[in-house]
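# Next one to model:
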Amino acid sequence: MGASSFPSTKGKFKSKRKQVRKRYLNLTYVLPALLLFILFSLLPIIRTVQYSFTNFNGVNKNYDYVGFKNYLTAITDTRWWEAVGNGIIFALLSLVFMNTIALLLSVATNSNIRGSKFYRVVFYIPPILSGIVVGYIWKWIYEPKGLLNGLLKDIGLGEYTHVWLGSIDTALYAVAVSSMWQGVGGSFILFLAGLQGIPKDLYEAASIDGASRFQQLRYITIPSLRKVYTLVNILTILGALGIFNHVYAMTMGGPGYTTEVPALRIYREAFTNSNFGMASAFSIVFGVMLFILSLIQLKLSQKKD
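Numbering: from 1, shown residues only. A predicted model of the protein is given here:
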């Protein structure tokens, strides 16, 4: 009996060795991506946390540890919180207007209208453009002698011409329009993918029961897109709060600090004021805020489910 059980044990041992070898082989497939993540994401995060407790100026390697001084300054800095407030305004405008437009465009192109494939391509062109390029294009549009003011004069509304980026009343919203114009395509694609996953039988049954297009949108489309909404909202909030390129290209945070946003404040602190320690502290505070906002959004969506 002992002799007959030996081959069985040996077979099991070989099987386990094969499994272990397969696991290590699978690990080699993800190893390059893992190394890139460690090198370009994890290590910079660790260094940023380290610098946030110092007075490092970005050049001199001899720096002192200052404890939580940078964090206390960040928490009590009114200009920082004004920048965060501007980011929140960008996020709210994007959630209300950009995502609503993206949803309506996705619903329209998902139907069998003529040229729907062409429209899908057109709507997704802005997101693939450089944010700096888009910012400069819209800066030219908003110039005192630019396209927008020229159009207003041509249609007889010359009294509404304005220095759009030079006024504290309109600069923030002008930048927000350019950001939403570029970002609407990203939300559009996600909504469109969600719409294509909704069974058409539901709409056919609703049509037979006499439901209007609006009722189908309200009672079928929107509830079915709940999980997609969660993803789109999180990405919208993170993108709007982290806006940088448009503000940098169009206003540099002006007039005054009217359009300054967290990413621009961090950039200025590091590369203009040469205070990498303070900039690192701002980055950590900002990252924690974004993480908490994402968790809140996920929890709220789970409660709805």
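
# Just the element for the residue lying closest to Y142 once chain neighbours are set aside, please.
Excluding its sequence neighbours, the residue lying closest to Y142 (C-beta to C-beta, 6 or more residues apart in numbering) is W164, at 4.1 Å. From N, CA and C alone the C-beta is placed, and that goes for glycine too. Assigned by DSSP states H and E, W164 belongs to no helix or strand.

# W164: neighbouring residues, count only.
23 (other C-beta atoms under 10 Å).

# ok, it - contacts?
Listed by C-beta atoms under 8 Å, 6 or more residues apart in numbering, the contact set of W164 reads Y142, L148, T170, A171, A174.

# change it to 6 Å
Each residue near W164 by C-beta atoms under 6 Å, 6 or more residues apart in numbering is listed here: Y142, T170, A174.

# Tell me the first helix or strand C-terminal of the worst-scoring helix or strand of the chain on mean pLDDT.
Counting by mean pLDDT, DSSP states H and E, the chain has its least confident helix or strand at helix 2-37, which shows a mean of 71. For helix 2-37, the succeeding helix or strand toward the C-terminus, using DSSP H and E, is helix 43-51.

# for the record, mean pLDDT for that following helix?
What helix 43-51 shows for mean pLDDT is 94.

# Mind giving me the packing neighbours of that helix?
Contacts defined by 3 or more C-beta pairs under 6 Å, 6 or more residues apart in numbering; DSSP states H and E place helix 43-51 against helix 276-304.

# average pLDDT across the helix it packs on?
88.

# Give me the angle between that helix and helix 43-51.
Here the directions of helix 276-304 and helix 43-51 differ by 120 degrees (axes from the mean of the first three to the mean of the last three C-alpha atoms, to 10 degrees).

# Give the buried residues for helix 276-304.
276-286, 290, 293, 297, 301 (16 or more other C-beta atoms under 10 Å).

# tell me what that helix is packed against?
helix 43-51, helix 69-76, helix 226-241, helix 262-267.

# on that earlier part again, so, if you compare the contacts of W164, which one comes nearest to E269?
Nearest to E269, judged by C-beta to C-beta, of the contacts of W164 is A174 at 25.0 Å.

# Now name the helix or strand holding the closest one.
In this structure, A174 sits in helix 171-195 according to DSSP H and E.

# so what are the domain limits for this structure?
According to automatic domain parsing, the chain comprises the domains 1-51, 69-304.

# And S301, how far from K227?
Distance, S301 to K227, using C-beta to C-beta, to the nearest Å: 7 Å.

# Turn the contacts of W164 into a markdown table, columns for pLDDT.
Below are the contacts of W164 laid out as a markdown table (pLDDT from 0 to 100):
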| residue | pLDDT |
| --- | --- |
| Y142 | 96 |
| T170 | 95 |
| A174 | 96 |
